[in-house]
Each structure stands twice: as structure tokens, then as C-alpha cells.
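A.B. asks: heads up, no residue letters with this:
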């Protein structure tokens, strides 16, 4: 029986320089999303605003702009809110589809009073009910069936936690941003031989140990799961996010903001407006901002349909639900979603 406690790691992101703290805030949604809203440095306000407006794509809700698990709209200035980060693999070599499967899912909740963020990694192979199709399948299939809307509905059904906003980013932006900032240093857990950006197998080779990684290598490290589990993969992605966040907050990266904006460019979709983004200012200006990472325990195996699934432990899921709802200042136990 696995330990039922969530693996929670506190990470203090307070910066000595006020400029760095402000910039970290402006990057926040992108950082939490494995590198996404980095475009919004205050020194290039107008350029960032145009970039975000081009990336805006709303989702249909029962009540416009309101999660199906909320009664009223929320405002990041006043309320605790959540953002679902969806990592998409849009390899050119794949047959073009309206939507692709998601390759990474992370749910971030922001608490104004506690002035911190909780970041939950959701294993991509988790077996869950997908409302879009009306049956259980892998959670990463939801995006293929109905894009961000279907993914949001699936996550809300699974966790009973409202998803107020989403950010969808493809892997090209992830790689390009890391290359723009000059790569990252990371302790690679084992030797890796992975697929490259062109879909060619065993073309990205990384040795075990402390390594300097470029964008393609960092992506391979974030995606690999040949020698561990979806659970370990989620933890590794969270640590990569933290590493990228630290590098993005450096003065050398600030000077490359124009290139970072270009890297994000057309590779992101979100229902966050520019005003929404700037509403997170209070988090970045904090002197004691922290990010706590949460993971879902479980085990994997093949089911009757022949596919491999990650079966999330129900007690672990329940702990995550209660913690995230508490963090959003919502009732921990409610009978049913709001109709």
C-alpha cells in the first residue's frame, strides 16, 4: 500500500531584486505551465499585450466565463483562482488533426491571502471519466475529443475543482524558450535515449548526471518515462518548471524578452486576457512567494481493452481535491457540481 500523503515540496521563489520579483510574476502563468506567459515583461507592455490578444481563445461554458463548478465569475484581483496548463505535442510529422492529445497536464491554484501557489501534476495516462464521450479512458484523450473545453470538463469531473482559466502551449515554444535563455542545468536521473522534435527515435541522447540541456534535450527529459512511472514523470516536470523559472528570472533572460515573446508567439492558446495576467502582480511582488507541488499516487497496468492506464489512488485523489478546494477558499465537501 503506497503512502497516502501527497508529495508536497515547498519552494521559496522570493527574489532579492524587486525587478526580478516583478518579472517573475509577469512570467508566472508561463512558468507554471512549463514555460508560457513569459512574454509579459513590463518593459514591453504593448508588444506583450498584442501577443496575448492573438493567443486568446475562450471556451464555451454553461454561464459565459464561469467554471461549471462555480456560481459566479471570479477575478484574479480579488479571488483565489485556478489555471489548467495543457502541454500539446503538435509534431509536424503527425497527421494534422483538429486537436491533439495532451502530453502534460498541470493544475495550478493561486491563493491571495496565503500568497502562494499549489501545482498539481496529473498523469497523462490516468483512467478517468471523459464527459465529452461519456465513458472512461485516458485523461490525455480528452483534448483529442474536444480540445481545451473537453479537457477542462474532464479535470473538473475528476477532481471536483473548478478550472477558471487554461493555457495550452505546444512543445515548440517550450524548446525555443529554453534555447533563448541559453539552456538549463539539471541533474538527469538516468541515461536517456529519446525521440527528437522530428519524431525520429533515439536521436536525443543524454547521460546520467548533472548536465547542461538545450531545448530539445530538456523536452526529452520532461517527456521520457521509459525507466520510471507517470508519477516520477510528473515530479520531474515540476522540477524542470522550477529550474526554468529560476533561469527566466535572471537579469540575462530579462534582456532577451523580445526573443522569448517571439518563441511563444503563435504556440499558445489561453482564455486569460492581458488584464487577467497583470492581475497576478501581487504574487510576483511578494517577498515570500512559494510554489508547493502536489502529485497523485497510484499504480499502473493493462486493462481489458489492452491499453496501459495509471489508476489514481482514490484517497490520494481525495486529498488533492480537498487541498485544492481549501486553497481556493471553497467548501471542502459539496454534494454535487453546480448545475
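C.D. replies: Yes, it's here. All values derive from a computational prediction rather than experimental measurement.

A.B. asks: CA only for contacts and neighbour counts going forward, please
C.D. replies: Fine.

A.B. asks: Do you have the helices of the stretch 151-300 of the chain handy? List them.
C.D. replies: 171-180, 215-223, 230-248, 251-254, 257-264, 274-278, 281-284 (DSSP state H, counting those that start in this stretch).

A.B. asks: mind putting those in CSV, mean pLDDT included?
C.D. replies: Shown next, in CSV, are those (pLDDT from 0 to 100):
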stretch, mean pLDDT
helix 171-180, 85
helix 215-223, 89
helix 230-248, 79
helix 251-254, 60
helix 257-264, 69
helix 274-278, 76
helix 281-284, 59
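
A.B. asks: Mean neighbour count and distance to residue 156 added to those helices, as CSV?
C.D. replies: Formatted as CSV, the helices of the stretch 151-300 of the chain follow (neighbours: other C-alpha atoms under 10 Å; distance: least, C-alpha to C-alpha, whole Å):
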stretch, mean neighbour count, distance to residue 156
helix 171-180, 22, 24
helix 215-223, 23, 24
helix 230-248, 21, 19
helix 251-254, 16, 35
helix 257-264, 21, 27
helix 274-278, 15, 21
helix 281-284, 20, 25
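
A.B. asks: Between those, which one is closest to residue 76.
C.D. replies: Evaluated over the helices of the stretch 151-300 of the chain, closeness to residue 76 peaks at helix 274-278, with 6.5 Å, by C-alpha to C-alpha.

A.B. asks: For the stretch 1-150 of the chain, which residues score under the pLDDT cut-off?
C.D. replies: Counting by pLDDT under 70, the low-confidence segments of the stretch 1-150 of the chain come to 1-49, 51-52, 90-98.

A.B. asks: Please name whichever of the helices of the stretch 151-300 of the chain is nearest to residue 314.
C.D. replies: Comparing those by their distance to residue 314 (C-alpha to C-alpha), the top pick is helix 230-248, with 14.8 Å.

A.B. asks: now that closest one against helix 215-223, angle please.
C.D. replies: Between the direction of helix 230-248 and that of helix 215-223, the angle (axes from the mean of the first three to the mean of the last three C-alpha atoms, to 10 degrees) works out to 140 degrees.

A.B. asks: residues near the residue nearest to residue 100 when sequence neighbours are not counted, how many?
C.D. replies: The shortest distance from residue 100 to any residue other than its chain neighbours is 4.8 Å, reached at residue 144 (C-alpha to C-alpha, 6 or more residues apart in numbering). Each residue near residue 144 was counted by other C-alpha atoms under 10 Å, and the total is 17.
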